[in-house]
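[1] pasting the structure only:
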């Protein structure tokens, strides 16, 4: 069932309202003192009423926010009231709402969350509408491979009954490292994925089965190029580290020195996201360095340039390959819905002592949790900008364990020797994975637990004391960000 895409003008209006509300909410809370910072989604900051204006436009500042001279109390109060009135009218807010910081902040957070969630939905809509013969939606609107059902270690009797009901075997993936097999069945003609699962549950209610969901990247790289400043060399050294993502461009200078082990595609299919994430994880070149010096990078491409890329069965096979190769730390900068088969395999990996590090996603602070980051035992990573502010689009909740730099990052650009600029929780996760890889030489449950605890203790606590739903235990890897010193937009 298709859904109507919002018009561009509507999206622009939503975006501007989100910017306006975000800046207004913060300024309303502190602007009366002349000291508050207004923050916009585009990265603008300023003091008091000035912060509101820059936050609305989202213009990046040339440097740290300037300290404005203090106004006399009467003049400051008058200016603040006028700024509120102007912004209330521009945003179509009820009069006086700007004087209620908590209510305004809630409205701003909802606008930002709706925007981030809508952007992912639009991307999913575009993908499914471009390939309707191969993709469709589940009842919650999440993307799936059309007409497929995935079974976890099914009994022979179930498979025979399914064949008798008109199902055919699409693929079978044996995962010996985990002692299971995953079977993908194609539904009888005229039966969609939801109806197929209902039919299979009628045959065997106890079977573990689910949609063949798609898991998509959680971040974006810019179209410009970036020169980079020399970062501090990474202290961590690891024998092996894993990456489940798109393909990577091994000819890029930052990745040429890696001993690369590939999995998933007959031929390499480089992608911008996979190349960028790999460079942050373990890249190294003059003036550029990733989070860890890895002797081997195990890179599983679950996309292979296909519209059905990122499907659940490919992700499960990639995890099993990592288990077989005894890769202790695995970065997964992909997000998607909950799925019972993914939950089972993630729990098996945890029990074997592997550390899975995953991006929490960019659907906004009030959006539902995304997976695999929200599963127990997974190290969920959020992202901050260079001023230690959480990205407005970053997910929030109990799934956030740590935060790392995730904006204004220089990353390797696929298909050329230069660098581009990245933003999103996708690019914070590999920094955390690299730090953990230096402390976990092999999969081992107790050692994995200690590695996470040690990193959490070393984190800079940015939110309320202790673990919180925005930054988790706090910020790590701050010195690993390779900052673009100049970006040439095309």
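    It's in. Keep in mind it's a predicted model, so treat the numbers as computed, not measured. Numbers count the residues shown, from 1 in each chain.

[2] Wait, residue 209 touches residue 155, no?
    No: under the criterion of Cβ atoms under 8 Å, residue 209 makes no contact with residue 155, lying 11.7 Å away. Any C-beta I mention is one placed from the backbone N, CA and C, and that applies to glycine too.

[3] how far away is the residue nearest to residue 196 when sequence neighbours are not counted from residue 147?
    Computed as Cβ to Cβ, 6 or more residues apart in numbering, the closest residue to residue 196 that is not its neighbour in sequence is residue 187, at 3.6 Å. Using Cβ to Cβ, to the nearest Å, we find residue 187 at a distance of 4 Å from residue 147.

[4] likewise residue 419?
    To residue 147, residue 419 is 41 Å away according to Cβ to Cβ.

[5] Comparing those two, which shows the higher neighbour count?
    Counted by other Cβ atoms under 10 Å, residue 419 and residue 147 do not tie: residue 419 has more neighbours, with 30 against 21.

[6] rewinding a little: shared neighbours, residue 187 and residue 147?
    Common contacts of residue 187 and residue 147 (Cβ atoms under 8 Å, 6 or more residues apart in numbering): 193, 196.

[7] of residue 209 and residue 155, who's got more company?
    Counted by other Cβ under 10 Å, residue 209 and residue 155 do not tie: residue 209 has more neighbours, with 21 against 12.

[8] Can you name the residues that contact the more buried one?
    Contacts of residue 209 by Cβ under 8 Å, 6+ apart are 149-152, 154, 197, 200-201, 340-341.

[9] Mind putting those into a markdown table with distance to residue 126 and pLDDT?
    Below are these laid out as a markdown table (distance: Cβ to Cβ, whole Å; pLDDT from 0 to 100):
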| residue | distance to residue 126 | pLDDT |
| --- | --- | --- |
| 149 | 25 | 98 |
| 150 | 24 | 98 |
| 151 | 30 | 98 |
| 152 | 31 | 97 |
| 154 | 34 | 97 |
| 197 | 25 | 97 |
| 200 | 30 | 97 |
| 201 | 31 | 96 |
| 340 | 28 | 98 |
| 341 | 26 | 98 |
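
[10] which of the residues you listed are buried?
    With burial judged by 16 or more other Cβ atoms under 10 Å, the buried subset of the contacts of residue 209 is 149-152, 154, 197, 200, 341.

[11] quick one: the helices in the stretch 101-250 of the chain?
    With DSSP state H, counting those that start in this stretch, the ranges of helices along the stretch 101-250 of the chain come out as 101-130, 156-164, 193-203.

[12] where among these is the average confidence lowest?
    Among these, helix 101-130 carries the lowest mean pLDDT, a mean of 66.

[13] which SSE is residue 322 in?
    Residue 322 belongs to helix 312-324 when assigned by DSSP states H and E.

[14] Packing partners of that helix?
    strand 168-175, strand 180-186, strand 209-213, strand 236-245, strand 292-301, strand 329-332, helix 340-351 (3 or more Cβ pairs under 8 Å, 6 or more residues apart in numbering; DSSP states H and E).

[15] just the angle between it and strand 236-245, please?
    When axes from the mean of the first three to the mean of the last three Cα atoms, to 10 degrees is applied, the directions of helix 312-324 and strand 236-245 differ by 160 degrees.

[16] buried stuff in helix 312-324?
    For helix 312-324, burial by neighbour count (16+ other Cβ under 10 Å) applies to 312-323.

[17] that older thread, and the residue nearest to residue 196, how many neighbours?
    The number of residues packed near residue 187 is 24, by other Cβ under 10 Å.

[18] residues contacting it?
    So residue 187 contacts 147-149, 166-167, 193, 195-196, 199 (Cβ under 8 Å, 6+ apart).

[19] for residue 139, same thing?
    Shown in contact with residue 139 (Cβ under 8 Å, 6+ apart): residue 194.

[20] Same question for residue 293.
    Residue 293 sits next to 234, 236-238, 282, 284 when contact means Cβ under 8 Å, 6+ apart.

[21] ok, now residue 157?
    By Cβ under 8 Å, 6+ apart, the residues touching residue 157 are residue 204.

[22] And for residue 428?
    359, 381-384, 403-406, 477.

[23] can you put the residues you listed in TSV and add pLDDT and neighbour count?
    Formatted as TSV, the contacts of residue 428 follow (pLDDT from 0 to 100; neighbours: other Cβ atoms under 10 Å):
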residue	pLDDT	neighbour count
359	98	32
381	98	33
382	98	32
383	98	30
384	97	22
403	98	33
404	98	29
405	97	25
406	96	31
477	96	24
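
[24] ok, of those, which one's closest to residue 465?
    residue 403 (15.4 Å; Cβ to Cβ).

[25] my guess is the closest one meets residue 469, correct?
    No: at 11.2 Å, residue 403 does not count as touching residue 469 under the criterion of Cβ under 8 Å.

[26] Flag the shaky bits of the stretch 1-150 of the chain, pLDDT-wise.
    Along the stretch 1-150 of the chain, segments meeting pLDDT under 70 span 1-118.
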